[in-house]
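J.: predicted model follows, preceded by the sequence.
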Amino acid sequence: MSSRIFVLRHGETEFNAEKKLQGHCNSPLTEKGTAQAQSVGAVLKAYLQGSHVSVYSSSLGRALQTAHIVCEEIGYPSSEIIEEPRLKEFSLGDWEQRSIPSLVSENPYLLEKSDWYLSAPNAETYDDVKARLNAWLSELPEGEDVVVVSHGLTGIVLRGVLLGLTYEEVWQQDLPQDAFFIVEKGSVTRVNCTVAQPIV
């Protein structure tokens, strides 16, 4: 297992701003999302000093766009980003590109369950996503730090796998775009990145 795993979510996208679901479809980062990625990278840099690190990104465009910005901030060559399809977001089936308000208007109680996303017809299952993440984790090289640029839902499942959380605990986690998480030896640290430079 790697020494430390840094779990990042992509910055805000146009669909995020419009309250639309993305899943396996994609939309580009907004100006705010670009700034978030820059801030995450600037803060992350301080944690990576002197360590041997690999950067993995979901193969979806919004994650790769974020990964390139983060790598520029941390001084890591973008050409060495490893595109990993198993880090992609859940497929949200028939709900991809739907607006959340329109879904709530059809089902007023939808948001009462934290895992409501998985109610989408033809959505990828939790177990399927967990299986692909476990397969990826089993292939990671020993003894090096890993930066992972992924997505909101896939990110909480990944953190859940690394921390041994129950299904219910996984869905109680938050999905920030202006913070990252360091998972090391079964414990997690949240690092907020709401400033342009790291606070020393």
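T.: Yep, that arrived. Numbers count the residues shown, from 1 in each chain.

J.: okay, CA-based contacts and neighbour counts for the rest of this
T.: Fine.

J.: can you tell me which helix in this protein is longest?
T.: Ranked by residue count, the top helix of the chain under DSSP state H comes out as helix 31-47.

J.: for that helix, buried residues please.
T.: 33-45 (16 or more other C-alpha atoms under 10 Å).

J.: any chance of those in a markdown table, plus pLDDT and distance to residue 105?
T.: Converted to a markdown table, the buried residues of helix 31-47 look like this (pLDDT from 0 to 100; distance: C-alpha to C-alpha, whole Å):
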| residue | pLDDT | distance to residue 105 |
| --- | --- | --- |
| 33 | 96 | 28 |
| 34 | 96 | 31 |
| 35 | 96 | 32 |
| 36 | 97 | 31 |
| 37 | 97 | 33 |
| 38 | 96 | 36 |
| 39 | 96 | 36 |
| 40 | 97 | 35 |
| 41 | 97 | 38 |
| 42 | 96 | 40 |
| 43 | 96 | 40 |
| 44 | 97 | 40 |
| 45 | 96 | 43 |
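
J.: which of the residues you listed sits closest to residue 177?
T.: For those, the closest approach to residue 177 (C-alpha to C-alpha) belongs to residue 36, at 6.8 Å.

J.: counting contacts, what elements does the longest helix of the chain pack onto?
T.: helix 61-74 (3 or more C-alpha pairs under 8 Å, 6 or more residues apart in numbering; DSSP states H and E).
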